[in-house]
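Trainee: The following block contains a protein sequence and its predicted model.
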Amino acid sequence: MSQAGDALHEDAQPRVRWRISSGALSVAILWLLIAATFAVCRTRTGGTFVYPLDDSYIHLALAKNIAEHGIYGVTPYEFTPTSSSIVWPLLLVAVRVVSASDLIPLALNVVFASALALVVDRGLRRDGYGSRGRLVFGVASLLAVPILPVVFIGMEHTLHILAVVLLAQTTVHALAADRERDGAREAKGVPVALGIGLLSLLATAARYESLFLVGVLGLLALYRRRLSLAFALGIGAAVPVVAYALFSLAKGGPILPISVLLKRQEIGVWTFLPTLGRRFIENPHLLALLTLLSLGYVEARARGLWDRRRLMLLVTASVIVLHITFAQTGWFFRYEAYTVALALAALAGPLFEHRARLRERLLPLALVMLPVIVRGAGSLRAVPRASANIYEQQVQMARFAAQYYRGERLVVGDIGAVSYLADVRIVDLIGLGSPAVATLRLRGSLDLAATDRLTRDASIAIVDEGYSPPPQWRRVGLWRTSGNTVCRDDAVAFYAVHPEEEARLTASLREFSPQLPSTIEQSGTYTR
């Protein structure tokens, strides 16, 4: 057996004993990486921790307004069905009973990431890996997800990954098992179905993309004639979706969150294949994983459809195709992170089976996996840079708004930090925090005339430099962020929506100017 294979199989040397389990070591390594990243982030954000995405502050704002004002909205002034996660804002509200610290979302994600490390380790043990193999493959899988950005954004994605991995593994294991025949064993299936139903509920409540996985598993359960499992999957997924729809309709909102409606992927019948091909080219890491999943599935055809490992390959490949067809990818690693985690969990079994030939296949395997490896390696540096970007742009916008325009209506392009850190009314030109804007966007009728109508009672506008404003707006200043990697635009522009606001905005920007980080390049009439 090759040296590479030796690292995967159960330790052959009885004298080697692990005093600490591989799962505990994986968690310890994860914590060390998180602690180091946290420390580096603080050195780039004035000694305070700043989340590397503006969207992170949307959930904090929702939780604050629910807890303090009983309003489900990014501001305490109106209902805004903004969050693409049903459960995450509610979880933050529940935790606010203990603490209202801004670090609570990060702390929750550390807990969920630790649980994920243990779940990955358990899955590797089931696949036959030894202690060293579990440690190496487990940590490598977490970094390839990549887990650090997902943890540090302080959003629902870590919980989502944990839930879908558990749901996939549990349901596939139940489907792969022989159908129960005697009454005693049939009764044993009731708690299994109940557990699968709860996992389906949790995964769907975390993110709507879980419906791709639930749909695939449900169809397989029906084909297998495991009606109890299909029923559990369907009911579990339906409960949070229907509950949210009824709540939103009662408040005058849509049946789906605004973010889901605005970010959906549209694909036509005649453009399906070209569009799908283009999206895979734009996401080579998903193409690489789908290639390996497909090869593993074909190679294991002699095992039959209901072999556990082969079934996991089929489920995961199907989910990747559905996700890249109908959902978004990218935007700081997060949208497709759950598909990467599922794929690595599915590939672990076939990799172990072929450990004896691993050395001769190592080079082609590394070449195919290169996009995944490069993506994971790049993520290690991404968090501090993105955190600095949000600090220099969105947080400074929020500080300015809180200091000079408290209680007033502002037009903004990024609402997270502004809505959480400043007590202002907002007109969100993206639509996430303004249902009226979202409605016009979905209809394709958000023109300059509609923008002018929606922003007439606003004092100022803080928008991306590339935005084309109504002609009567007067640009007063510009803040440019250095080394931008995560903000939509390198710079934000400040406009007086009405001529009478120009002098006040100019004076406010001049007074605030010395408080800005030295890395921000300032320009505009207020600097003259």
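Mentor: Yep, it's here.
Trainee: got the contact list for stretch 385-394?
Mentor: Outside stretch 385-394, the residues within contact range by C-beta atoms under 8 Å, 6 or more residues apart in numbering are 41, 44-46, 49-54, 57, 149, 152, 332, 414, 416-418, 479, 481-487, 492, 517, 519-520. The C-beta positions use only the backbone N, C-alpha and C, and glycine is treated the same way.
Trainee: From these, keep the buried residues only.
Mentor: The neighbour count (16 or more other C-beta atoms under 10 Å) marks 41, 44-45, 49-54, 57, 149, 152, 332, 414, 416-418, 479, 481, 484, 486-487, 492, 517, 520 as buried among these.
Trainee: Tell me which of these fall in helices.
Mentor: Cross-referencing the buried ones among the contacts of stretch 385-394 with the helices (criterion: DSSP state H) gives Cys41, Tyr57, Pro149, Phe152, Gly416, Ala417, Val418 as the overlap.
Trainee: State the pair within those that is farthest apart.
Mentor: Among those, the pair separated by the greatest distance (C-beta to C-beta) is Pro149 and Val418, at 22.7 Å.
Trainee: Spell out the secondary structure type for Val411.
Mentor: Secondary structure, DSSP: H, G, I helix; E, B strand; the rest coil: Val411 is strand.
Trainee: Grab the nearest non-local neighbour of it.
Mentor: Ala461 (3.6 Å; C-beta to C-beta, 6 or more residues apart in numbering).
Trainee: For Leu454, see how far away that neighbour is.
Mentor: 11 Å (C-beta to C-beta, to the nearest Å).
Trainee: With neighbour numbers in mind, choose between the two.
Mentor: With neighbours defined as other C-beta atoms under 10 Å, Ala461 and Leu454 compare such that Ala461 has more, 27 against 18.
Trainee: isn't there a strand covering that one?
Mentor: Yes: secondary structure of Ala461 (three-state DSSP): part of a strand.
Trainee: Need the per-residue pLDDT for it.
Mentor: Reading off the confidence values, Ala461 has pLDDT 96.
Trainee: Ok, Thr316 next?
Mentor: Thr316 is assigned 98 on the pLDDT scale.
Trainee: now do Ile426
Mentor: Reading off the per-residue confidence, Ile426 sits at a pLDDT of 94.
Trainee: Please, which helix or strand holds it?
Mentor: Under the assignment given by DSSP states H and E, the secondary-structure element containing Ile426 is strand 425-428.
Trainee: Quick check: neighbours of that strand in the sheet, parallel or antiparallel?
Mentor: Strand 425-428 has the following sheet partners, assigned by DSSP bridges: strand 409-412 (parallel).
Trainee: can you list the residues that contact the strand it pairs with?
Mentor: Counting by C-beta under 8 Å, 6+ apart, residues outside strand 409-412 touching it are 397, 401, 418, 424-429, 455, 457-463, 495, 497.
Trainee: mind redoing it with 7 Å?
Mentor: Strand 409-412 has contacts (C-beta atoms under 7 Å, 6 or more residues apart in numbering) with 401, 418, 424-429, 455, 457-463, 497.
Trainee: Kindly report the same for stretch 107-124.
Mentor: When contacts are taken as C-beta under 7 Å, 6+ apart, the neighbours of stretch 107-124 outside the stretch itself are 22-23, 26-27, 30, 34, 91, 95, 133-134, 137-138, 141-142, 147, 151, 154, 158-159, 161-162, 165-166, 169, 345, 348.
Trainee: can you tell me which of the residues you listed are in strands?
Mentor: Judged by DSSP state E, the subset of the contacts of stretch 107-124 located in strands is empty.
Trainee: Going by neighbour count, which of those are buried?
Mentor: Applying a neighbour-count criterion of 16+ other C-beta under 10 Å, the buried members of those are 22-23, 26-27, 30, 34, 91, 95, 133-134, 137-138, 141-142, 147, 151, 154, 158-159, 161-162, 165-166, 169, 345, 348.
Trainee: now this structure, which segments are flagged as low pLDDT?
Mentor: Of all residues in the chain, those with pLDDT under 70 make up the ranges 1-19, 178-189.
Trainee: can you map out the strands along it?
Mentor: Under the criterion DSSP E, the chain contains strands at 409-412, 425-428, 460-464, 474-480, 491-496, 521-523.
Trainee: Using a markdown table, lay out those together with distance to His173.
Mentor: Rendered in a markdown table, the data for the strands of the chain read as follows (distance: least, C-beta to C-beta, whole Å):
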| stretch | distance to His173 |
| --- | --- |
| strand 409-412 | 48 |
| strand 425-428 | 44 |
| strand 460-464 | 48 |
| strand 474-480 | 53 |
| strand 491-496 | 50 |
| strand 521-523 | 56 |
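Trainee: hmm, back to that, any figure for the gap between the residue nearest to Val411 and Val497?
Mentor: Taken as C-beta to C-beta, the span from Ala461 to Val497 is 6 Å.
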